[in-house]
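**Student:** predicted coordinates and the sequence they were generated for:
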Amino acid sequence: MNAPLLRLSARRAAPLPALAVVVGVTLLAVVDPPGRAEIVEVSPTFEEVIRGGRELAARTGWIAGLLVASALVALFAARVPDRWFRHEGDWLGVTGTSRSSIVRTCLAGILLGTAGFPLVIGLVAGPLGGARGEPHGDHAARAPLLELESIAGPSRSFVLMPGERFEQEFPEGTTHADSRVRVRVAPALGGEGPTTLARVEAAGQVSEQLVARRAWLEVSPSPGMRRVSVTNIGTGALAVVGPDPVEAWRPSNASGAGHLRLAAHAGLYLVFLAALAFGLGAWMGPGIAATLAISLWLGARMALAATPMEGALPGGASLVAAIQAIAEGRSPQPLSTAPTIAAAGAVLTGFALARSSLGTWRRESRSS
Amino acid sequence: MASPTPDSHPASDPATDPATPKLAIEAMGLGRIFRGGLGWRRRQALNEVDLSIHTGEALGIVGPNGSGKSTLLRLLAGVDRPSAGWVEILGHPPTSRAVRRRLAFLPDGSPFPPELSARRVLHLLASLSGMAPAGRRDRIEQMLVRVGLDGAGEAPIRTYSRGMHRRFGLAQAFLNEPEVVFLDEPTAGLDAPGFAVLADLLEAARTRGATVVLASHVASDLIEHCDRLALLVGGEVQRVGPPDELLGDRDVLQLRVHGLSEEAAAALEDRIRDLGGELLDAGPAHRSLQELYRTIEPKVKRGVER
């Protein structure tokens, strides 16, 4: 792979002014007005209920930064092959390097440059953004970023009638002194009222919580806890538990690691977009190619919504869950195989599209 | 004439056939059709072009704007694909990797990455051409000095003037000591010292036996560098021959005389009329700009215009 061409493509995929724009947009979103907060969990005592400032600002920063970066990444990637056919083929086409190698190097450079966007967003929304936006208000809670330790329970949702109880056992060694356990519960119509009360018990720790909407019921169990139970003790709504209802979490060592993971999710999404835009840019103008690449992603996102494949699309459910995890002060899960394979498929598609367009370096409809 | 398909090539290899003169470039029935408006509009840019250029020869392609010179050079350099006919450079198709390492192309305009400095672009091109890293740096510095851009080697190419773009184009074309060189409008925008740079590079290339093809719409720019000229009009080669044969006018005699007094000059004019000739033009000759620069150095002569 030719190093100078790789550097040139990387530079063109992430020019400094574009990075500065994304940093600016993210920074604007991260600046947290005093008192901004959101209720993400409900408990009768209102302890650790309100998360504010830092996490919410980080989420807003990531969303704003990624929205702008998506358009820029697609456009810059599509402009690289456009340059070939406008004029640069005149010197690229007479070098001793093969066409496949040139396409491969340019694409690798673009993907390398694309990685710059999530990194700068992560820097601004994460470590830098954390310096401002401390939580405000009497009920604001500060907690270390949590790392998912294990998930347990049936993979399908089920209903707890009033008075019914659900128990879940953890595998040995998956909960520790600093672990926290949460159970996903939501109210459902069919009972006598719209809400209900749920009791969560884990090794002597008992917590009773109102379930008025989908909520995570939390307990901090004692070391070596093996079992957690949820009882619908209300007389109102039915309680829907699941899917995969029980999660055990541990405090993470570094909050930056969470943003790094989110950057990986975001990077995979941008790589997917850039590779598609690059391949399409070899066949059509850069504006149309960028728009089409984004539209294709959007179409796939809508088509896969609420299907088992939802998490397979880069930038789909896994990215949304990762951003939400950051907003809740939790560490996103690592990249899974399915979206990684999908992104790799997009890279291969981009390469194949661009390479097949190179019968000639001259495209009279584009030459200037 | 039959038009072979773009991919068909002659069975024998003319470059290695001892019975025929060694040809560096051979093109037969070359045609190029441009399509526009979803393929409905067709424009024949080149039609049935045949060319045979011997190793070490310099051929100039002249013709008016839009006659197909740049298209022909792109086809010869392998940047574009012909709609009809075939091309061979050094016995191989121009797109073959073996040939591309041995040829160079100076395209019209300035297609090089504008955001990079001349030095960086030369490094990029040298590495893409497979030039050994060991001597690359020295060779690049040498070329920058040779074309007069050593003082501007770190400036982004987008800041260059038109003449500087052309000098840079010459530097990249001759960087790798190519065996076959295609130069499209090499004199466009060049100042007088730039013409000298071009002449120097062409002379060095021809001394080592390189084959050169130059294209320009100004025939006078090419005459002194070319063994033959090809006149291209409307996408077709109308005539090929030595410059004197193609452009010479046997009815008009051109004299340049040095050292005559005004009286002697007047007497010479009278004598010409007495002999039945018609004096078309007479007067003091103009010095070349380069000669003028020499008289006022070092205030103006910097080698590079900004």
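**Tutor:** Now that the structure is in, tell me what you want to look at.
**Student:** contacts, neighbours, all on C-alpha from now
**Tutor:** Noted.
**Student:** mind listing what the residue nearest to residue B:55 when sequence neighbours are not counted touches?
**Tutor:** Distances taken as C-alpha to C-alpha, 6 or more residues apart in numbering or on different chains place residue B:24 nearest to residue B:55, at 4.6 Å, with adjacent residues excluded. By C-alpha atoms under 8 Å, 6 or more residues apart in numbering or on different chains, the contact set of residue B:24 is B:15, B:52, B:53, B:54, B:55, B:56, B:88, B:89, B:90, B:91, B:180, B:211.
**Student:** show me what secondary structure element comes after the helix or strand harbouring residue B:24.
**Tutor:** In the assignment (DSSP states H and E), residue B:24 maps to strand B:23-36. Moving toward the C-terminus from strand B:23-36, the next helix or strand (DSSP H and E) is strand B:41-54.
**Student:** who's residue B:184 bridged to?
**Tutor:** residue B:215 (DSSP bridges).
**Student:** could you measure from it over to residue B:212?
**Tutor:** Residue B:184 sits 11 Å away from residue B:212, going by C-alpha to C-alpha, to the nearest Å.
**Student:** just residue A:353 next, same as before
**Tutor:** Distance, residue A:353 to residue B:212, using C-alpha to C-alpha: 36 Å.
**Student:** neighbour count: these two, which is higher?
**Tutor:** Remark: of residue A:353 and residue B:212, residue B:212 carries more neighbours, 29 against 20, as counted by other C-alpha atoms under 10 Å in any protein chain shown.
**Student:** you'd agree that one is in a helix?
**Tutor:** No. Per DSSP: H, G, I helix; E, B strand; the rest coil, residue B:212 lies outside any helix segment and is strand.
**Student:** got a list of what it touches?
**Tutor:** Applying C-alpha under 8 Å, 6+ apart, the residues contacting residue B:212 are B:56, B:57, B:58, B:59, B:180, B:181, B:182, B:183, B:206.
**Student:** neighbours around whichever residue of the stretch 101-250 of chain A sits closest to chain B, how many?
**Tutor:** Nearest to chain B, among the residues of the stretch 101-250 of chain A, is residue A:102, at 9.0 Å (C-alpha to the nearest C-alpha). By other C-alpha under 10 Å, the residues close to residue A:102 number 20.
**Student:** what helix or strand does it sit in?
**Tutor:** Using DSSP H and E, residue A:102 maps to helix A:99-114.
**Student:** centre of the chain to the helix or strand that that helix is followed by, how far?
**Tutor:** Moving toward the C-terminus from helix A:99-114, the next helix or strand (DSSP H and E) is helix A:116-123. Chain-centre distance of helix A:116-123: 13 Å, with C-alpha atoms, centre = their mean, to the nearest Å.
**Student:** ok, now stretch A:327-347?
**Tutor:** Counting by C-alpha atoms, centre = their mean, stretch A:327-347 is centred 7 Å from the centre of its parent chain.
**Student:** average pLDDT for that stretch?
**Tutor:** What stretch A:327-347 shows for mean pLDDT is 87.
**Student:** so residue 163, which of the three states?
**Tutor:** Just so you know, I chose chain A. When classified by three-state DSSP, residue A:163 comes out as coil.
**Student:** surely it meets residue A:237?
**Tutor:** No. Contact criterion C-alpha atoms under 8 Å: residue A:163 and residue A:237 do not qualify, at 11.1 Å.
**Student:** the more surrounded of these two?
**Tutor:** residue A:237 (24 against 12).
**Student:** residues contacting that one?
**Tutor:** Residue A:237 neighbours (C-alpha under 8 Å, 6+ apart): A:162, A:187, A:188, A:189, A:190, A:191, A:192, A:193, A:194, A:195, A:196.
**Student:** per-residue pLDDT, the closest residue to it other than its chain neighbours?
**Tutor:** Spatial nearest neighbour of residue A:237, chain neighbours left out: residue A:191 (4.4 Å); criterion: C-alpha to C-alpha, 6+ apart. Confidence at residue A:191, expressed as pLDDT, is 73.
**Student:** part of a strand, is residue A:191?
**Tutor:** No. Secondary structure assignment (three-state DSSP) places residue A:191 in coil, not in a strand.
**Student:** what is the burial count for it?
**Tutor:** Residue A:191 has 17 neighbouring residues, counting by other C-alpha under 10 Å.
**Student:** hmm, residue A:236 and it touching each other?
**Tutor:** Yes. With contact defined as C-alpha under 8 Å, residue A:191 reaches residue A:236; the gap is 5.4 Å.
**Student:** now the helices for the stretch 51-200 of chain B?
**Tutor:** Remark: helices assigned in the stretch 51-200 of chain B by DSSP state H, counting those that start in this stretch are B:69-77, B:97-100, B:118-128, B:133-146, B:162-173, B:192-207.
**Student:** in terms of mean pLDDT, which of the ones you listed ranks lowest?
**Tutor:** Lowest mean pLDDT of the helices of the stretch 51-200 of chain B: helix B:97-100, a mean of 84.
**Student:** buried residues in it?
**Tutor:** B:97, B:99, B:100 (16 or more other C-alpha atoms under 10 Å in any protein chain shown).
**Student:** spatially, what comes nearest to the last one if we skip its sequence neighbours?
**Tutor:** Pointing back at residue B:100 there. In space, residue B:100 is closest to residue A:96, 5.1 Å off (C-alpha to C-alpha, 6+ apart).
**Student:** which SSE is that neighbour in?
**Tutor:** Using DSSP H and E, residue A:96 is not contained in any helix or strand.
**Student:** that one against residue B:130, yeah?
**Tutor:** Yes. Counting by C-alpha under 8 Å, residue A:96 does reach residue B:130; the two are 6.5 Å apart.
**Student:** now list whatever residues contact both of those two.
**Tutor:** residue B:101.
**Student:** the two - which one has more neighbours?
**Tutor:** A side-by-side neighbour count of residue A:96 and residue B:130, using other C-alpha under 10 Å, places residue A:96 first with 23 against 14.
**Student:** related to what we said a few turns ago, next, give me the two most distant ones among the contacts of residue B:212.
**Tutor:** Within these, B:56 and B:183 form the most distant pair, 15.0 Å apart (C-alpha to C-alpha).
**Student:** the two - which one has more neighbours?
**Tutor:** residue B:183 (23 against 20).
**Student:** ranges for the helices of chain A?
**Tutor:** Remark: helices assigned in chain A by DSSP state H are A:3-13, A:16-30, A:54-83, A:89-92, A:99-114, A:116-123, A:129-131, A:255-281, A:286-304, A:317-327, A:337-356.
**Student:** of all these, which lies closest to residue B:29?
**Tutor:** The closest of the helices of chain A to residue B:29 is helix A:89-92. By C-alpha to C-alpha, the value is 22.8 Å.
**Student:** what is the mean pLDDT for that closest one?
**Tutor:** The average pLDDT for helix A:89-92 rounds to 89.
**Student:** over to stretch A:292-301?
**Tutor:** Mean pLDDT, stretch A:292-301: 95.
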